[in-house]
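Trainee: sequence and predicted model, in that order:
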Amino acid sequence: QLVESGGGSVQAGGSLRLSCETYRLTLENYAIGWFRQAPGNQRTGVGCIESRDGLTFLRDSVKGRFSISRDFAKVYLQMNSLTPDDTAVYYCAAGPKCREWVVAGQDFWGRGTQVTVSS
């Protein structure tokens with residue numbers, strides 16, 4: 001019910017825009033969070049967008065570089081000034097609300113999209 005796309009390989013300083021497309025979900029009823037997981041690391045929250053007012057939250061390490069937006073059926077993660085530390089599989093998840101940059105009570109997950117940033 002959630003499908004991520006837009007990943008790829010870029011050099012440091014480059015940009016990517018990830019998309020999270022929802023199927024059979026009414027986007028306005030869910031907060032959508034972005035997570036990432038690098039090899040050997042835990043999955044961590046990157047940012048979250050609330051369902052009704054569209055308020056967004058980002059973890060400190062990506063503020064000023066990443067942004068989250070949405071339209072009728074997709075949520076986007078715009079990533080600029082990428083660094084090798086941003087290399088990870090990026091996931092989106094749907095839940096009832098944001099708790100700062102983490103979506104709480106993740107009801108649905110996508111399968112992820114790989115982002116690789118080379119130096």
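Mentor: Done, it's in.
Trainee: alpha carbons only for contacts and neighbour counts from here, please
Mentor: OK.
Trainee: for Val46, identify the helix or strand it belongs to.
Mentor: Assigned by DSSP states H and E, Val46 falls within strand 44-49.
Trainee: how far is whichever helix or strand comes after that strand from where the chain is centred?
Mentor: Using DSSP H and E, the helix or strand that follows strand 44-49 towards the C-terminus is strand 56-58. From the chain centre to the centre of strand 56-58 is a distance of 10 Å (C-alpha atoms, centre = their mean, to the nearest Å).
Trainee: for the helix or strand that comes right after strand 56-58, packing partners?
Mentor: Toward the C-terminus, strand 56-58 is succeeded by strand 66-70 as the next helix or strand (DSSP H and E). If contacts are counted by 3 or more C-alpha pairs under 8 Å, 6 or more residues apart in numbering; DSSP states H and E, strand 66-70 sits against strand 44-49, strand 56-58, strand 74-79.
Trainee: most tightly surrounded among the ones you listed?
Mentor: Greatest average neighbour count among those goes to strand 44-49 (a mean of 26), per mean count of other C-alpha atoms under 10 Å.
Trainee: distance between it and the chain's centre?
Mentor: Between the mean C-alpha position of strand 44-49 and that of its chain there is a distance of 6 Å (C-alpha atoms, centre = their mean).
Trainee: now do it against strand 66-70, angle only.
Mentor: If you take axes from the mean of the first three to the mean of the last three C-alpha atoms, to 10 degrees, strand 44-49 sits at 40 degrees to strand 66-70.
Trainee: and strand 44-49 with strand 74-79, angle?
Mentor: 120 degrees.
Trainee: can you list the strands that strand 44-49 pairs with?
Mentor: Its sheet considered, strand 44-49 pairs with strand 31-37 (antiparallel), strand 56-58 (antiparallel) by DSSP bridges.
Trainee: would you reformat the ones you listed as TSV and include distance to Gly47 and mean pLDDT?
Mentor: Compiled in TSV, the strands paired with strand 44-49 are given as follows (distance: least, C-alpha to C-alpha, whole Å; pLDDT from 0 to 100):
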stretch	distance to Gly47	mean pLDDT
strand 31-37	5	97
strand 56-58	4	97
